[in-house]
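>>> generate coordinates for the sequence data below:
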Amino acid sequence: MKQNYTLNLSAWIGVVFLFSLYFTNTNYVPFSALPFAMAPLMVVLAFGVTSSNFSIEKLQLWGGAYYLYSVIGTIVYDYKSLFDYDFYRYDGNFLISFLLLICIPSLAIRINDFEASYGKFIKFSLLIALPKVGYDFLRDGVSTGYFVATNAFGGFVMLLVAQCYSTLLEKSQRNLLNWGSLLLALIYLAASTSRGSILGVVLGIITLKLIESGRSRLVALTLVAILIAQAVILFYTYPVYLDYGDLAIEYAASLSDGTKESNVMIRTYENWPRGLFAFLHSPIFGIGVGALNDFPLVLKEDSLLQLNAGGNIIYDSSHAHHTYLHILGEQGIVGLFLFLMMWVHFYRFIKELEISDPIKRTLLITFWALTFASFTEHRIPSPSNCFAFFTLVALAHGARSKARES
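All right, here's what the predicted structure looks like:
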């Protein structure tokens, strides 16, 4: 009886995940968030019916520590945020995104023929976007797909490019259909005009090739080079930010006429320096979860531990456009350390999955694409960028678990 209940529960969880996966093609409707909202309940149910096999992995320990730290930080800064829907849409969306990530190892998911379901999802994603991208491109020369913004669409397409590329690495799969799928995915990526997404997926593919060829040191050197380059940029732009203060964004926008070029200037002269400003004024625990866009930032010059005292609670997408600087600013060194430990163990978790090479390559490329793109945008916690990725990892883990049982 107990075993039958476990199997039925696991099967229904798999259905929910598959249903939600198809809605990761858009952020206009919230159905893609179902697994994330249900994850804690699923873990409790899994523990209740399979307690003899229940274990805690390092991903969950570090992820749980970061999640708890984030919730406490939210309560300390503004506890009312936890009861506001807009908080979860903007400043606190990572509390939804990471909920599934840290629950994945304990989820009881059963899915029949995961690889076939995975392939159908990719084909569906490529086909359903075609009329929207075509219409947008002919009208505006750019497309957001079924997303609100170009970066959201580009972030989602990174996974499609990773999958199409990974499939073609298998000689037996090099046919006209798969080459066409890759071409279509690349067209979508170009139509999004999301430079961070393009950079991310290119570096993601290169990184995987370097690691597979035993040249991991080059990956580390690439990361260091990016950090040095951005440190040099901030060395010149941070003093300008201090001089202009709240007017820095207007100054940055005035440096270029084009929208894309203007966005670059805003990031380098206002977004990134704002994250650094918050970190330098409260380096240990940050200025508060969700505080980075609560203007004006009111911080004392002689304090290592403080929260933003501006008093205005604002929910919008005015973040640091840099995941690591954003976390440093709002949650300090402690927050960034816990986040990076969670992210590193998530990578190790993916590497240990017993799945086919094309799917594992897809997940690893997507991991690295998000890692690199997060140096230019707030990518990793963004639902449009991570929902499909995290859901596929959960399903892949479920497929692995089922294979071991059979």
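
>>> now residue 26. Its backbone dihedrals?
Main-chain dihedrals, residue 26, degrees, to the nearest 10: phi -150, psi 150.

>>> pretty sure it contacts residue 152?
No - Residue 26 is not in contact with residue 152 according to CB atoms under 8 Å; the separation is 9.4 Å. (Each C-beta comes from the backbone N, C-alpha and C, glycine too.)

>>> which element follows the worst-scoring helix or strand of the chain on mean pLDDT toward the C-terminus?
Every helix and strand of the chain was ranked by mean pLDDT, DSSP states H and E. The lowest is helix 34-49, at a mean of 66. Per DSSP states H and E, the first helix or strand lying C-terminal to helix 34-49 is helix 58-78.

>>> after that following helix, next one along is what?
Once the chain leaves helix 58-78, the next helix or strand it forms, by DSSP H and E, is helix 85-89.

>>> and stretch 190-197, what's buried?
Residues of stretch 190-197 classed as buried: 191-197 (neighbour count, 16 or more other CB atoms under 10 Å).

>>> now the two most distant members of the residues you listed.
Farthest apart among these by CB to CB are 191 and 196. That separation is 14.9 Å.

>>> which members of the buried residues of stretch 190-197 are positioned in helices?
Taking DSSP state H, the ones among the buried residues of stretch 190-197 that sit in helices are 191-192, 195-197.

>>> distance to residue 90 and pLDDT for these - can I get that in CSV?
Converted to CSV, these look like this (distance: CB to CB, whole Å; pLDDT from 0 to 100):
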residue, distance to residue 90, pLDDT
191, 26, 96
192, 21, 96
195, 23, 94
196, 19, 94
197, 20, 96
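
>>> and which of those residues is nearest residue 291?
Once CB to CB is applied, the member of those that ends up nearest residue 291 is residue 196, at 23.9 Å.

>>> doesn't residue 154 make contact with that closest one?
Yes - between residue 196 and residue 154 there is a contact at 7.2 Å, judged by CB under 8 Å.

>>> what is the nearest of the ones in helices among the buried residues of stretch 190-197 to residue 168?
residue 197 (19.7 Å).

>>> what sits against that closest one?
151, 154-155, 157-158, 189, 369, 373 (CB atoms under 8 Å, 6 or more residues apart in numbering).

>>> distance of it relative to residue 364?
As defined by CB to CB, to the nearest Å, residue 197 lies at a distance of 17 Å from residue 364.

>>> also residue 95?
From residue 95 to residue 364 the distance is 26 Å (CB to CB).

>>> again, but for residue 175
For residue 175, the distance to residue 364 equals 24 Å [CB to CB].

>>> point out where the stretch 301-406 of the chain drops to low pLDDT.
Across the stretch 301-406 of the chain, the ranges flagged by pLDDT under 70 are 400-406.

>>> let's see it at 50
Applying pLDDT under 50 to the stretch 301-406 of the chain picks out residues 403, 406.

>>> residue ranges for the helices of it, please.
Using DSSP state H, counting those that start in this stretch, the helices of the stretch 301-406 of the chain run over residues 323-351, 357-373, 383-405.

>>> pull out the buried residues from the last one.
Which is helix 383-405. By neighbour count with 16+ other CB under 10 Å, helix 383-405 contains the buried residues 383-402.

>>> and the first one, by the same measure?
For helix 323-351, the buried set under the neighbour-count rule, 16+ other CB under 10 Å, comprises 323-332, 334-339, 341-343, 345-347, 349-350.

>>> next, the angle from it to helix 383-405.
If you take axes from the mean of the first three to the mean of the last three CA atoms, to 10 degrees, helix 323-351 sits at 20 degrees to helix 383-405.

>>> how about residue 379: what's its closest non-neighbour residue?
residue 373 (4.5 Å; CB to CB, 6 or more residues apart in numbering).

>>> can I assume the one you found is in contact with residue 199?
Yes - under the criterion of CB under 8 Å, residue 373 makes contact with residue 199 at 6.6 Å.

>>> alright, that wraps it up for me.
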